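Undergrad: From the sequence below, what's the structure:
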Amino acid sequence: MLERIVDFRRWPAWSPWEDVDPDLRRTYSGPDSGVGAAYAWEGNRKAGKGRMEIVDVADDVRFIRRLQRDVAERGRTMESVIDQYLASVKPMYLEFVQPSKRYADVIIPQGGHNKVAVDLLLTLIREEQVDIYDIPIARIAEQFVSRVRTLELNEGVL
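TA: Sure, this is the predicted structure:
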């Protein structure tokens, strides 16, 4: 499930925003997925335009993904990956990435797996009944949560 969220290129398969404008223009920057991956979009009046960037992934998830990738795809040894992580990756994360989180509008620990945070946001959205370009945001949020939970069920996460 995490891979579907941290890789913006996979969003068209589940994001409810993909349905509001078939001509939506997308721009991806940074790494393919994970911290630093960015997604910008511009579309019709309903889709609007905006930009998202992944500013954090849990430490253990970040390390495990790097370890698996570097050993499998780059032929590195486990020891060399660990050494590099401790010598440069983790210190650079703490110096540059961690401080950038203060600029995020919303951070949900554990992402789509955090039922309490997602339900709280949905409750707040439903109470406000805020419309974005004639699309009730509560309906969009409910579609998002429904699609995420459907994917989790299909992948055996729940």
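Undergrad: Any idea how far apart the tips of stretch 10-28 sit?
TA: Stretch 10-28 has its terminal residues 11 Å apart, counting by C-alpha to C-alpha, to the nearest Å.
Undergrad: any idea of the mean pLDDT for that stretch?
TA: Stretch 10-28 carries an average pLDDT of 83.
Undergrad: Tell me the buried residues in it?
TA: Buried residues in stretch 10-28, counted by 16 or more other C-beta atoms under 10 Å: Trp11, Trp14, Ser15, Pro16, Trp17, Glu18, Val20, Asp21, Leu24. (Each C-beta comes from the backbone N, C-alpha and C, glycine too.)
Undergrad: nearest to Arg76, of those residues?
TA: For the buried residues of stretch 10-28, the minimum distance to Arg76 (C-beta to C-beta) is 29.7 Å, reached by Trp11.
Undergrad: In this structure, mark out all the strands, start to finish.
TA: 25-29, 38-42, 49-53, 131-132, 135-136 (DSSP state E).
Undergrad: Highest mean neighbour count across these, which stretch is it?
TA: Among the strands of the chain, strand 38-42 has the highest mean neighbour count (mean count of other C-beta atoms under 10 Å), at a mean of 17.
Undergrad: Convert that strand to CSV, retaining C-alpha atoms only.
TA: Taking Å, rounded to 0.1, in the frame of the first residue of the first chain, the C-alpha atoms of strand 38-42 are listed here in CSV:
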residue,chain,number,x,y,z
ALA,A,38,7.1,15.9,-6.1
TYR,A,39,4.0,16.0,-8.2
ALA,A,40,2.5,19.1,-9.8
TRP,A,41,-0.7,19.2,-11.7
GLU,A,42,-2.8,21.7,-13.7
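Undergrad: Tell me who's in contact with the nearest residue to Leu67 once chain neighbours are set aside.
TA: Excluding its sequence neighbours, the residue lying closest to Leu67 (C-beta to C-beta, 6 or more residues apart in numbering) is Val81, at 5.1 Å. Neighbouring residues of Val81 by C-beta atoms under 8 Å, 6 or more residues apart in numbering: Arg66, Leu67, Asp70, Val71.
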